[in-house]
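S.K.: Just to be clear, the model below is a prediction. Sequence and coordinates:
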Amino acid sequence: MNAALPRFLACLLLCVGLTGGAAAANDDDGAGATHAAPDFTLVTLNLYHDRDDWPRRREQIVAELRRLQPDAVALQEVLQHEDLPNQAAWLANEMGYDWHFVTTDPPSQSRRYGNAVLTRQAPLELGETLLHPLEDHRTAGFVRVLAGGRPLNLYVTHLYWAPDGAETRARQLADLMAYIEATSAGAPSLIAGDFNAEADAPELHPLRERWIDAWTALHPHVPLAEATTLNPAYFTVPARVDHVFVEAGRLKPVEARLLFTEADAEGTWASDHRGLLVRVRLKEHAGAAAAP
């Protein structure tokens, strides 16, 4: 046999393989794609601090998170005090995740309360900011991670609670938007948390210029009674106040579902809120962020 023939066949097979791989990688999420763009899964949950039976509730929460293995978890109403280890730290340690806790309370204070982000992989960058008015003690946390080898920004927040507090929430959202503008560094972003407002509330209008509510994008016709993130076991009026917003044109929501919709065998609920799981797909040709 000609000695050059095996080398020719090997080169031919290599070229075919490379061409096929490139074609698959360039197929963003079209039908018949053999290699999808990277997905990223995030869960957001208001922990209800240490109310009710936290030792039992935390076992239910960590069991579900272990089962789901999300890439990140955004938490609100995270508490620690003399008799309570930091709730985010406990969950992260049980799952083997990194954790980033943000609060207005100084490190010297034993009781500290705020938000947190848990990530499966070590973060590339961390940050936090305060939201006005400062007497409301609200924060936003920031974590940058890699998703499919590409940077992705995660922001978590918890806005003012009162039904008549739209003006305050609008001010806090403006602070958050300014913070994202200052820290996103051109990478696509997710915003998760308890906004204490429906996604279409007037005070959240600035989000709709550049951000997609993942739940509405995938479930536009689900009745509010079925979509409420306020646990009906605690609240008589349904409301969907826990959201994940994804950056339009750069991230595509592909799954959104509620978590902790049933009590455990002893009748204990995981929280007074339901959790929300959202899976997004990073678009292959997202380009730069859209102008706000």
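M.R.: Arrived safely.

S.K.: Which residues are in contact with Ser110?
M.R.: Ser110 sits next to 80-82 when contact means Cβ atoms under 8 Å, 6 or more residues apart in numbering. Where you see a C-beta, it was placed from the backbone N, CA and C, and this is true even at glycine.

S.K.: Columns pLDDT on top of the residues you listed, output as JSON lines?
M.R.: Shown next, in JSON lines, are the contacts of Ser110 (pLDDT from 0 to 100):
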{"residue": "Gln80", "pLDDT": "98"}
{"residue": "His81", "pLDDT": "97"}
{"residue": "Glu82", "pLDDT": "97"}
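
S.K.: now, which of those residues sits nearest Glu181?
M.R.: Of all the contacts of Ser110, the one with the least separation from Glu181 (Cβ to Cβ) is Gln80, at 31.0 Å.

S.K.: Residues in a beta bridge with that closest one, which ones?
M.R.: Per DSSP bridges, the residues bridged to Gln80 are Arg112.

S.K.: Might one say that it is in contact with Gln87?
M.R.: Yes. Distance between Gln80 and Gln87: 6.8 Å, which falls inside the contact criterion (Cβ atoms under 8 Å).

S.K.: so what's Pro38 scoring on pLDDT?
M.R.: In the prediction, the pLDDT value recorded for Pro38 is 87.

S.K.: For Asp39, see how far away the closest residue to it other than its chain neighbours is.
M.R.: Residue nearest to Pro38 in three dimensions, not counting chain neighbours: Gly148, with 2.5 Å by Cβ to Cβ, 6 or more residues apart in numbering. Using Cβ to Cβ, to the nearest Å, one obtains 8 Å as the distance from Gly148 to Asp39.

S.K.: what does Leu134 give?
M.R.: With the distance defined as Cβ to Cβ, Leu134 ends up 38 Å from Asp39.

S.K.: So for the two, which sits in the more crowded spot?
M.R.: Asp39 (16 against 9; other Cβ atoms under 10 Å).

S.K.: So that one sits against Val254, correct?
M.R.: Yes. Contact criterion Cβ under 8 Å: Asp39 and Val254 qualify, at 6.9 Å.

S.K.: shared neighbours of those two, anything?
M.R.: Shared contacts of Asp39 and Val254, counting by Cβ under 8 Å, 6+ apart, come down to 279-281.

S.K.: which of the residues you listed lies closest to Ser189?
M.R.: The closest of the shared contacts of Asp39 and Val254 to Ser189 turns out to be Val280 (Cβ to Cβ; 10.6 Å).

S.K.: Which residue comes closest to that closest one once chain neighbours are left out?
M.R.: On the basis of Cβ to Cβ, 6+ apart, the spatially nearest residue to Val280 that is not a chain neighbour turns out to be Leu251, at 4.5 Å.

S.K.: Likewise for Ala217?
M.R.: Pro253 is the one closest to Ala217 (Cβ to Cβ, 6+ apart), at 5.0 Å.

S.K.: Identify the residues contacting that neighbour.
M.R.: If you count contacts by Cβ under 8 Å, 6+ apart, then Pro253 has 212, 214, 217-218, 244, 246, 278-280 around it.

S.K.: Return the set of residues that bridge with it.
M.R.: Partner residues in beta bridges with Pro253: Val280, with DSSP bridges as the criterion.

S.K.: pLDDT value on the residue nearest to His137 when sequence neighbours are not counted, please?
M.R.: Across the structure, with Cβ to Cβ, 6+ apart as the measure, the residue nearest His137 apart from its sequence neighbours is Thr104 (4.6 Å). Reading off the per-residue confidence, Thr104 sits at a pLDDT of 98.

S.K.: Thr104 against Gly114, yeah?
M.R.: Yes. The pair Thr104 and Gly114 passes the contact test of Cβ under 8 Å, sitting 7.0 Å apart.

S.K.: about what we covered before: quick one: the contacts of Ser110 as TSV, columns for neighbour count and distance to Gln121 too.
M.R.: As requested, those are arranged in TSV below (neighbours: other Cβ atoms under 10 Å; distance: Cβ to Cβ, whole Å):
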residue	neighbour count	distance to Gln121
Gln80	23	24
His81	14	30
Glu82	6	32
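
S.K.: Just give me the closest of the residues you listed to Asp194.
M.R.: Using Cβ to Cβ, the contacts of Ser110 come closest to Asp194 at Gln80, 18.6 Å.

S.K.: which residues does the closest one contact?
M.R.: Taking Cβ under 8 Å, 6+ apart as the definition of contact, the neighbours of Gln80 are 86-87, 89, 110-113.
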